[in-house]
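1. Show me the folded form of this:
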Amino acid sequence: MGYQVEDDGSVTGILWIDPAMLGTMLEAVRTQFVRDRIAETPWQARAYIVDLEFAERILTTDGPHSFAGGMAWHQVKCQYPVEVAAIRDELTRGLYMAPDAFHRHEREYAEADAARRDQARADAALQQGRVMAGALAVWRRLGGQL
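-> Just a heads-up that it's a prediction; the model follows:
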């Protein structure tokens, strides 16, 4: 997990695994969903695929078994919620998410997440305004000047 911005502005993944193990990991992919992502992901972004394979491994081994694994799992679940849900559904219920459905779900999730973030910013600004109004009222009551 991790990414690096190149001099030309492109983003490439940084793999925290032994490169010799990459082929073995790719051969261990269990779901058609991840195979579909491999087919549409450029080599430079292969860290994404490693993260998805990690999700498969965690889901098939009853969760992480170490603190570091738990931290990595939390990061993958937060960064790729649609992918993790699709992998879980395929592994546990046999429900395959086709590429067009995945891209639609990913877009819908991104739009909903942006709306949630916008609402959170608006709520925080409103709350800050209330706090400032209260502080200003106390300031005036105590004879403070504006």
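2. list the helices and strands the lengthiest helix in the chain packs on?
-> For the chain, the helix with the greatest residue count under DSSP state H is helix 99-141. Under the contact criterion of 3 or more CB pairs under 8 Å, 6 or more residues apart in numbering; DSSP states H and E, helix 99-141 touches helix 32-40, helix 81-93. All C-beta spots, glycine's among them, are computed from the backbone N, C-alpha and C.
3. Does the longest one pack against any helices or strands, and if so which?
-> So the one you mean is helix 81-93. Counting by 3+ CB pairs under 8 Å, 6+ apart, helix 81-93 packs on helix 32-40, helix 46-60, helix 99-141.
4. the inter-axis angle of it versus helix 46-60?
-> Calculated by axes from the mean of the first three to the mean of the last three CA atoms, to 10 degrees, helix 81-93 forms an angle of 40 degrees with helix 46-60.
5. chain center to helix 81-93, what's the gap?
-> Taking CA atoms, centre = their mean, to the nearest Å, one finds helix 81-93 lying 14 Å from the centre of the chain it belongs to.
6. May I see the buried residues of it?
-> 82-84, 86-88, 90-91 (16 or more other CB atoms under 10 Å).
7. With only the CA atoms kept, save that helix in CSV.
-> Output of helix 81-93 as CSV, limited to C-alpha atoms (Å, rounded to 0.1, in the frame of the first residue of the first chain):
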residue,chain,number,x,y,z
PRO,A,81,-14.9,0.0,0.4
VAL,A,82,-16.7,-1.0,-2.9
GLU,A,83,-13.9,-3.4,-3.8
VAL,A,84,-13.9,-5.1,-0.4
ALA,A,85,-17.7,-5.5,-0.4
ALA,A,86,-17.5,-7.0,-3.9
ILE,A,87,-14.7,-9.4,-2.9
ARG,A,88,-16.6,-10.4,0.3
ASP,A,89,-19.8,-11.0,-1.7
GLU,A,90,-18.0,-13.2,-4.2
LEU,A,91,-16.1,-15.2,-1.7
THR,A,92,-18.9,-15.7,0.8
ARG,A,93,-22.1,-15.6,-1.3
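8. quick check: mean pLDDT across that helix?
-> The average pLDDT for helix 81-93 rounds to 97.
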